[in-house]
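Asker: A predicted structure for the sequence below; I have some questions about it.
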Amino acid sequence: MTNKLALAIHGGAGTIARATLTSEAETAYRAALQTALEVGYAVLTAGGPALEAVEMAVRSLEDCPLFNAGRGAVFTHEGHHEMDAAIMDGRNRAAGAVTGVRTVQNPIRAARLVMDKTEHVLLAWPGADELAREHGLPTQPVEYFFTQHRYDQLQEALTEGRMRLDHSTSLQAEAPLAEPGAINEDSKKKMGTVGAVARDINGDLAAATSTGGMTNKQYSRIGDSPIIGAGTFADNRTCAISCTGHGEFFLRAVVAHDISCLMEYRGLSLAEACRVVVHDKLAPMGGEGGLVAVDALGNVALPFNSEGMYRGSLTSTSDLVVHIYKE
């Protein structure tokens, strides 16, 4: 068995064209992605588990206000934040997830807590926040999660009377759902979920995903990110997956588990399984977005059917790379 180390991350997908990002914004995004890769990969090179590597990489992205997760989470219709996260261990398919948390500084840590300290998989607010407090996880006041551009997006969405996805040039009447925009770019369709997948020196896989959801979302809407098998999945026999995109479609297509099934039951390679699901199954449904994936041998795939996706990877056989646009 190869002892190849591998880490891949994403920070959102959608209509991300060169013309929509200033050079300053592009530099900031690239630096944040590189930092997250370095933080997570340091765990792997020290002999640490894939589970810790993906958690640390996602925590780094959650702490960066550029991304729609943690500190950069978008506003709901009511003007607060409802954050979701999930983590999964490929060794035994143990998993933990939280949805709607409001005060936890790093929702991915709360998801890990659910996996490690309870008999459950998915906890919702307010119980998820209570569990985090009981175990001493850092919490923050509402001011910590406030960013001006996210607030401005909410005001625009309220005026338009619809939700928003990050990174889009226009809102489609047939699919009036959306997530938040980032600095100095068109904010109308950018799927701002963050995530990471990894393979450690023991050949173990893990996946983690975190998101602030949709700008102006109502009724405690939940997307694919905290749903095991839809937005997050890991199994040592096949692959680890973390998705970003229009969550309703990723839920309906059960994207992450479908890729694993194509590998397990049909013997497809990671790259081919990802292509089939992202381009042949998801895209015709209207599901825009992408994912990052790693297989049992440490092969990495970063497919997407949108114009761009914030993404990067680093392995023991390839250099650190960070990309935003279609290459």
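Answerer: That came through, no problem. Numbers count the residues shown, from 1 in each chain.

Asker: how about the strands in the stretch 201-327 of the chain?
Answerer: With DSSP state E, counting those that start in this stretch as the criterion, the stretch 201-327 of the chain has strands at 205-211, 232-234, 239-245, 289-295, 300-301, 308-315, 318-325.

Asker: Give me the residues contacting the shortest one.
Answerer: By Cβ atoms under 8 Å, 6 or more residues apart in numbering, the list of residues contacting strand 300-301 from outside reads 6, 8, 270-271, 274, 292-295, 313, 315. C-betas here are computed from N, CA, C, even on glycine.

Asker: The strands of the stretch 201-327 of the chain into TSV, with extra columns for distance to Asp129, mean neighbour count and mean pLDDT?
Answerer: What follows is the strands of the stretch 201-327 of the chain, written out as TSV (distance: least, Cβ to Cβ, whole Å; neighbours: other Cβ atoms under 10 Å; pLDDT from 0 to 100):
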stretch	distance to Asp129	mean neighbour count	mean pLDDT
strand 205-211	15	33	98
strand 232-234	20	33	98
strand 239-245	23	34	97
strand 289-295	28	30	97
strand 300-301	34	23	98
strand 308-315	28	25	97
strand 318-325	33	15	96
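
Asker: Quick one: closest of these to Leu66.
Answerer: When the strands of the stretch 201-327 of the chain are compared by Cβ to Cβ, strand 308-315 sits nearest Leu66, at 8.8 Å.

Asker: For the helix or strand hosting Arg150, C-alpha coordinates in PDB please.
Answerer: For Arg150, the host element (DSSP states H and E) is helix 148-160. The C-alpha trace of helix 148-160 is given here as PDB (Å, rounded to 0.1, in the frame of the first residue of the first chain):
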ATOM      1  CA  GLN A 148     -20.300  44.600   6.100                       C
ATOM      2  CA  HIS A 149     -20.500  42.900   2.600                       C
ATOM      3  CA  ARG A 150     -22.500  40.100   4.000                       C
ATOM      4  CA  TYR A 151     -24.900  42.500   5.600                       C
ATOM      5  CA  ASP A 152     -25.200  44.500   2.300                       C
ATOM      6  CA  GLN A 153     -26.000  41.300   0.500                       C
ATOM      7  CA  LEU A 154     -28.900  40.600   2.900                       C
ATOM      8  CA  GLN A 155     -30.300  44.100   2.300                       C
ATOM      9  CA  GLU A 156     -30.200  43.500  -1.500                       C
ATOM     10  CA  ALA A 157     -31.700  40.000  -1.100                       C
ATOM     11  CA  LEU A 158     -34.500  41.400   1.100                       C
ATOM     12  CA  THR A 159     -35.200  44.100  -1.500                       C
ATOM     13  CA  GLU A 160     -35.300  41.400  -4.300                       C
END
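
Asker: Quick check: mean pLDDT of that helix?
Answerer: Taken as a whole, helix 148-160 has a mean pLDDT of 80.

Asker: same thing with stretch 115-128?
Answerer: 98.

Asker: residues of that stretch that come out buried?
Answerer: 115, 121-125, 128 (16 or more other Cβ atoms under 10 Å).

Asker: Show me the residues you listed that map onto strands.
Answerer: Per DSSP state E, strands hold the following members of the buried residues of stretch 115-128: 122-124.

Asker: CSV for these, including distance to Ala57?
Answerer: Below are those laid out as CSV (distance: Cβ to Cβ, whole Å):
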residue, distance to Ala57
Leu122, 22
Leu123, 23
Ala124, 25
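
Asker: ok, so of those residues, who is nearest Gly203?
Answerer: Distance to Gly203 across these (Cβ to Cβ) is lowest for Leu122, with 27.4 Å.

Asker: Beyond the helix or strand in which Val58 is found, next helix or strand please.
Answerer: For Val58, the host element (DSSP H and E) is helix 50-62. Per DSSP H and E, helix 50-62 leads on to strand 83-89 as the next helix or strand towards the C-terminus.

Asker: quick one, that next one and strand 205-211 angle?
Answerer: 180 degrees (axes from the mean of the first three to the mean of the last three Cα atoms, to 10 degrees).

Asker: average pLDDT across the helix or strand just after strand 83-89?
Answerer: As assigned by DSSP H and E, the chain's next helix or strand after strand 83-89 is strand 94-101. Across strand 94-101, the average pLDDT comes to 98.

Asker: Likewise for stretch 57-64?
Answerer: Rounded mean pLDDT across stretch 57-64 is 98.

Asker: Of all the residues in that stretch, which ones are buried?
Answerer: Using 16+ other Cβ under 10 Å as the test for burial, stretch 57-64 gives 57-64.

Asker: I'd like those written out as JSON lines, with distance to Val39 added.
Answerer: Listed next are the buried residues of stretch 57-64 as JSON lines, based on distance: Cβ to Cβ, whole Å:
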{"residue": "Ala57", "distance to Val39": "6"}
{"residue": "Val58", "distance to Val39": "10"}
{"residue": "Arg59", "distance to Val39": "8"}
{"residue": "Ser60", "distance to Val39": "5"}
{"residue": "Leu61", "distance to Val39": "9"}
{"residue": "Glu62", "distance to Val39": "12"}
{"residue": "Asp63", "distance to Val39": "10"}
{"residue": "Cys64", "distance to Val39": "11"}
